[in-house]
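J.: I would like the atomic coordinates for the input below:
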Amino acid sequence: MQNVQQYIQDNKDRYLNELFELLRIPSVSADPAYKDDVEKTAHSVEESLKKAGCEKTKVYATAGHPIVYGEHIFDSERPTVLVYGHYDVQPPDPMELWETPPFEPVIKKTEYHPDGAIFGRGSCDDKGQMFMHIKAFEALIQNDALPCNVKFMIEGEEEVGSSNLGKFCKEHKDILNCDVILISDTSVIANDVPSITVGLRGLSYVEVEVTGPNKDLHSGVYGGAVANPVEVLCNMISSLKDENRHITIPGFYDDVVVVSDEERAAMNQAPFDRKAYMRDLGINDTMGEKGYTILEQTSIRPTLEVNGMWGGYIGEGSKTVLPAKAFAKISMRLVPNQNNEKITQLFKEHFERIVPPGVTAVVKPHHGGEAVVTPTDTPEYQAAARAMKTTYGKEPIPVRGGGSIPIVALFEEVLKVKSVLMGFGLDSDDIHSPNEHYGLFNFYKGIETIPYFYQYYAEMKGRKD
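T.: Have a look, this model is predicted:
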């Protein structure tokens, strides 16, 4: 492994330059205007896999954006690791809040990244983290040190719900056959406090539309007599939580697994500075479900959040209208045992039930996924823990994440294998926000750590009988 680590050190500058080239392609999956760029990125990823040493690669077309596949199979008796990642990115909006252009990556120093961080959309989520795996694989191949068979599946629709990935997995179960799935799309607690994500929340995402009059009206002539859809929508959304921030949708909590006092106490042993948390976010207080700590509110409890609202006139100057329509996008993060389709239906029934006279409402489901919890007593987890201890010098802490990666539950259902969520970003890296960034320390630490995962996993699994 010494030769592998030396190879990584010798090629750091090249790795960074290649990542910059990938980050310059605006692979925004949510916006059809970027369709050609998304496809260009897929082929760029395939070329990277070829150059790294994959013996077989292919870009698979889907009903949406392409899926990139690559493999290096050298011994059928060795365990096989399937690396999952995504090359699509979130929209960069609002553009005016970026300090530098989102698709022109630059390195700047920050409080949490004194050695520098890569600023650019996708730097952490997930191009930078996905690219670590390709470069770690390259280092192993170049030094004839790969101890496992490796497959790659890199998709282009994670940021829009991975709607075509399930079909792809079912149709290509033969080529995706593996012993474990390795994913880097999560974070560590801090650069000096390594951690491994052992749980993710599920997701139900909906859009609501409230309609009043058949056209925008003069607010002076009609105001006070006609229901205002924007006002009504605000009131309806406000009613979805009570004074304790408890969600009021009937049946919403019916399937929520109660976490034991012992597990809650253990999870709250993780380092956490509430004052630093608020300072980083520029807030003077937090607002979460009563009776739970911030670490619990953002991991083991379900949530309901408004992701965006619009309606009426929002242009320059004034236009005195009573809007005909109002809209909102709402996401609900779910915990183990909650089913995203059931929650979506409960939301739809409740929201349509509380519509007051004078308006109508429509709920449009978007996408969703299930929560997952992964065990810590498996060879897969233990290999990841040993790998991180080797490079960080500390035993990683198992943590539950607040985000959602719906495909983890999908993989377990379709491919019948567990996933290891060994991410290297920080929660403060502004993923999904303006000025997304990824520390140079984290990028290189990931490349250094991944080869050890392969080594320890191969040792633990051994050769197949």
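J.: where in this structure is pLDDT low?
T.: For the chain, the stretches with pLDDT under 70 are 463-465.
J.: tell me which element Tyr84 is part of?
T.: strand 80-86 (DSSP states H and E).
J.: who touches that strand?
T.: The contact list for strand 80-86, computed with CB atoms under 8 Å, 6 or more residues apart in numbering, reads 73, 126, 129-130, 133, 137, 148-159, 176-185, 407, 411, 415, 417, 419, 454, 457. Where C-beta positions appear, they are placed from N, C-alpha and C, glycine not excepted.
J.: and the contacts of the following helix or strand past it?
T.: Per DSSP H and E, strand 80-86 leads on to strand 106-108 as the next helix or strand towards the C-terminus. Counting by CB under 8 Å, 6+ apart, strand 106-108 makes contact with 100, 116-120, 437, 440, all of which sit outside it.
J.: returning to what we had before: can you list the strands that the strand holding Tyr84 pairs with?
T.: Strand 80-86 has its sheet partners listed here by DSSP bridges as strand 149-155 (parallel), strand 180-183 (parallel).
J.: domains of this structure?
T.: 2-200+371-461, 203-256+302-367 (automatic domain parsing).
J.: next, the nearest residue to Phe252 once chain neighbours are set aside: secondary structure please.
T.: By the measure of CB to CB, 6 or more residues apart in numbering, the closest residue to Phe252 outside its immediate chain neighbours is Leu346, 6.1 Å from it. Assigned by DSSP: H, G, I helix; E, B strand; the rest coil, the conformation of Leu346 is helix.
J.: so how far is Glu99 from Leu346?
T.: 41 Å (CB to CB, to the nearest Å).
J.: what do you get for Thr80?
T.: To Glu99, Thr80 is 43 Å away according to CB to CB.
J.: one more: Gly202?
T.: From Gly202 to Glu99 the distance is 34 Å (CB to CB).
J.: more neighbours: these two, which one.
T.: Each of Gly202 and Glu99 has its neighbours counted (other CB atoms under 10 Å); Gly202 has more, 25 against 10.
J.: do I have it right that that one meets Ala371?
T.: Yes: using CB atoms under 8 Å, Gly202 is in contact with Ala371, at 3.8 Å.
J.: list residues touching both of those two?
T.: 334-335, 338, 404, 409.
J.: quick check: Glu18 touching Gly128?
T.: No: Glu18 lies out of contact with Gly128 (CB under 8 Å); the separation is 11.2 Å.
J.: higher neighbour count, the two?
T.: Gly128 (28 against 17).
J.: buried members of the contacts of strand 80-86 into ChimeraX, please.
T.: Buried subset of the contacts of strand 80-86, written as a ChimeraX selection, criterion 16 or more other CB atoms under 10 Å:
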select :126,129,130,133,137,148,149,150,151,152,153,154,155,156,157,158,159,176,178,179,180,181,182,183,184,185,407,411,415,417,419,454,457
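J.: buried residues in stretch 254-263, which are they?
T.: Neighbour-count burial for stretch 254-263 flags Val259 (criterion: 16+ other CB under 10 Å).
J.: change the start of the numbering to 7 and stick with it
T.: That works, and once the first residue is 7, the last one we named lands at stretch 260-269.
J.: give me the contacts around that stretch.
T.: So stretch 260-269 is in contact with 302, 306, 308, 341-345, 348, going by CB under 8 Å, 6+ apart.
J.: could you rerun that using 7 Å?
T.: 306, 308, 341-344 (CB atoms under 7 Å, 6 or more residues apart in numbering).
J.: show the buried residues in those residues.
T.: 306, 308, 341-342, 344.
J.: rebuild those as CSV, extending it with distance to Lys370.
T.: Formatted as CSV, the buried ones among the contacts of stretch 260-269 follow (distance: CB to CB, whole Å):
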residue, distance to Lys370
Ile306, 29
Pro308, 21
Val341, 24
Pro342, 27
Gln344, 20
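J.: from the residues you listed, which ones fall inside strands?
T.: Residues of the buried ones among the contacts of stretch 260-269 located in strands (DSSP state E): none.
J.: pick the one among those closest to Val34.
T.: Nearest to Val34 among those, counting by CB to CB, is Pro308 at 28.8 Å.
J.: check the offset of stretch 430-447 from the chain's centre.
T.: 12 Å (CA atoms, centre = their mean, to the nearest Å).
J.: quick one: buried residues of it?
T.: Buried, per 16+ other CB under 10 Å, within stretch 430-447: 430-437, 440-447.
J.: which residues sit against that stretch?
T.: By CB under 7 Å, 6+ apart, the surrounding residues in contact with stretch 430-447 are 96, 100, 103-105, 113, 116, 118-119, 121-127, 129-131, 134-135, 190, 193-194, 197, 286, 448, 451-452.
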